[in-house]
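**Q** Give me a 3D structure for the following:
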Amino acid sequence: MASYMIKVAGEGAITKAHRTADVGPTSGSSVVYEIQNVPEGVSLEDVISAFQGFKPDEKTYEYDYAALKA
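**A** This next block holds a predicted model:
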């Protein structure tokens, strides 16, 4: 299983975050999330696509990939 770090910008754009980034709000208007337990063969693009339709909790920054697909 893989883990991806993604960054959601204030305007909604989702991109890859540096793997050593801290999860949570950044000094700007972005938020870094860690998506864990991503199955083999699922790409970063697939994770970003799944996250686009997902509504994260206000103070939770780590999610299992299965939660994005639920």
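**Q** Not counting sequence-adjacent ones, nearest residue to M1?
**A** The spatial neighbour of M1 that comes closest, neighbours along the chain excluded (C-beta to C-beta, 6 or more residues apart in numbering), is N37 at 4.7 Å. For glycine as for every other residue, the C-beta is placed from the backbone atoms N, C-alpha and C.
**Q** residues near V8, how many?
**A** By other C-beta atoms under 10 Å, the residues close to V8 number 20.
**Q** Equivalent analysis for L68, please.
**A** 20.
**Q** re the thing from before, and the residue nearest to M1, what does it touch?
**A** 1, 3, 64-66 (C-beta atoms under 8 Å, 6 or more residues apart in numbering).
**Q** Can you classify it by secondary structure?
**A** Reducing the assignment at N37 to three states with DSSP: H, G, I helix; E, B strand; the rest coil gives strand.
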